[in-house]
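Student: okay, here's the prediction I keep looking at, along with the sequence it came from:
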Amino acid sequence: MVKQFSLILILIACNISAQETTKPETKKKNTISIEFYQPIQNSLREFYNDDWLLSTYPTERNNYSRNSFSNAFGISFERIKNDVVFRTRLGITIREVKEHQDFEYINTNENTKINLNQNYHYSQNHINVFVGIAKRIHLANNFDFDFGIDLASVYYLEGSGDYDYDSHITNLIDNSTFSHQIITVDDRIGKIYGFGLGPVFKPQYAITKNLVVAAELQVYFMKTFTNDKSTRVETSEYYVPSQDYYEHAKLYGDINYDVNQWNWTKVSPLIRIGYQF
């Protein structure tokens, strides 16, 4: 009996010792991520619009090209405590568009040929700052879902738009120049500010113990305001050799804005890759 009791005590002691030396795995408390998303946009086209389209003409020879880059990049930090997520995000938006169009038009009635070239270049950057809080729900192994709210601030830096136009009309018979016109336009687009709030709905999947991926659809109810101005300098040169006529003109223009409005932004898809520690 004593031997059996002693054996039981030894087994209990070994079990207690094993429990003390085996500690449960600690949940990760922090996540640092890189993220990619579409620019935060609303209805104010003047300041950060990239859908400028050069005019096209119904001619037999017409060439048109467009190169565009419009994306946002950022980093984010999340602190998780009792399944409450405190998040801070900082990013930059880079937007650039280059368009080119040229065509040739032959008018047999007037024995003339028109060659036209157009180029447009637009660029603008934005600074994006977000602060938010969310509740984390564990749906399944390695799969979580966060829902909460974000405060968003977007600073649209000064942009630029450059346009040039070259029209050359020649005589079909002797190929002499009938007229030649060159126009250049230099736009400087004023700064604008926006801040607002929007919901957070974020599914997240843990690929490994430390690596996670997540996605969001960002949309914000945002106040947009500015009293900045946009400027334009337009230079035109027009030459008619047969009449020995030359004209040079330069026009300056300012657009002063007083904008203060609330509106919803467009939906901005986001993909995030993070490291938990």
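Tutor: Good, I have the coordinates. Residues are numbered from 1 along each chain as shown.
Student: Asn67 and Ser123, how far apart?
Tutor: 12 Å (C-beta to C-beta, to the nearest Å). Yep, even glycine has a C-beta here, placed from its N, CA and C like the rest.
Student: nope, Asn260 is what I was after
Tutor: Asn260 is 26 Å from Ser123, by C-beta to C-beta.
Student: what sits up against stretch 75-86?
Tutor: For stretch 75-86, contacts defined as C-beta atoms under 8 Å, 6 or more residues apart in numbering pick out 27-35, 87-91, 130, 132-138, 146, 148, 272, 274.
Student: for Tyr193, name its beta-bridge partners.
Tutor: Following DSSP bridges, Tyr193 is listed with bridge partners Tyr155, Phe225.
Student: ranges for the helices of the chain?
Tutor: For the chain, the helices defined by DSSP state H occupy 2-21, 45-48.
Student: those helices: lowest mean pLDDT?
Tutor: Mean pLDDT is lowest for helix 2-21 among those, at a mean of 44.
Student: and the nearest residue to His180 once chain neighbours are set aside, how many residues sit next to it?
Tutor: Leaving aside its sequence neighbours, His180 sits nearest to Tyr239 (C-beta to C-beta, 6 or more residues apart in numbering; 4.8 Å). Close neighbours of Tyr239, defined as other C-beta atoms under 10 Å, add up to 16.
Student: my read is that Tyr239 contacts Ile169, right?
Tutor: No. Tyr239 lies out of contact with Ile169 (C-beta atoms under 8 Å); the separation is 10.7 Å.
Student: per-residue confidence at the residue lying closest to Tyr156 once chain neighbours are set aside?
Tutor: Leaving aside its sequence neighbours, Tyr156 sits nearest to Ile192 (C-beta to C-beta, 6+ apart; 4.4 Å). pLDDT for Ile192: 90.
Student: is it true that Ile192 touches Thr224?
Tutor: Yes. The criterion here is C-beta under 8 Å, and Ile192 meets it with Thr224 at 6.4 Å.
Student: among the two, which residue is more densely surrounded?
Tutor: More neighbours surround Ile192 than the other of Ile192 and Thr224, with 24 against 21 (other C-beta under 10 Å).
Student: so which bits of stretch 155-172 are buried?
Tutor: Buried residues in stretch 155-172, counted by 16 or more other C-beta atoms under 10 Å: Tyr156, Leu157, Gly159, Gly161, Tyr163, Tyr165, Asp166, His168, Ile169, Thr170.
Student: send me that stretch as CSV with only the CA atoms.
Tutor: Written as CSV, here are the backbone C-alpha positions of stretch 155-172 (Å, rounded to 0.1, in the frame of the first residue of the first chain):
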residue,chain,number,x,y,z
TYR,A,155,-2.6,66.5,-47.7
TYR,A,156,-2.6,67.0,-51.5
LEU,A,157,0.7,68.6,-52.4
GLU,A,158,1.1,71.1,-55.2
GLY,A,159,0.7,69.5,-58.5
SER,A,160,1.8,70.3,-62.0
GLY,A,161,0.3,70.0,-65.5
ASP,A,162,2.3,70.7,-68.7
TYR,A,163,0.7,70.7,-72.1
ASP,A,164,2.3,71.4,-75.6
TYR,A,165,0.6,71.7,-79.0
ASP,A,166,2.3,71.9,-82.3
SER,A,167,0.3,72.4,-85.5
HIS,A,168,2.0,72.5,-88.9
ILE,A,169,0.1,73.1,-92.1
THR,A,170,1.9,72.6,-95.4
ASN,A,171,1.0,72.9,-99.1
LEU,A,172,0.6,69.6,-100.9
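Student: now do it: distance to the chain's middle.
Tutor: The chain centre lies 24 Å from the centre of stretch 155-172; the measure is C-alpha atoms, centre = their mean, to the nearest Å.
Student: need the overlap of contacts for Asn67 and Ser123.
Tutor: Contacts common to Asn67 and Ser123, judged by C-beta under 8 Å, 6+ apart, are Val97.
Student: between these two, point out the one with more neighbours.
Tutor: Set side by side, Asn67 and Ser123 show more neighbours around Ser123, with 17 against 10, by other C-beta under 10 Å.
Student: let me know the pLDDT of that one.
Tutor: For Ser123, pLDDT reads 91.
Student: go on, Lys250?
Tutor: So Lys250 comes in at 96 (pLDDT).
Student: that concludes my questions; thank you for your assistance.
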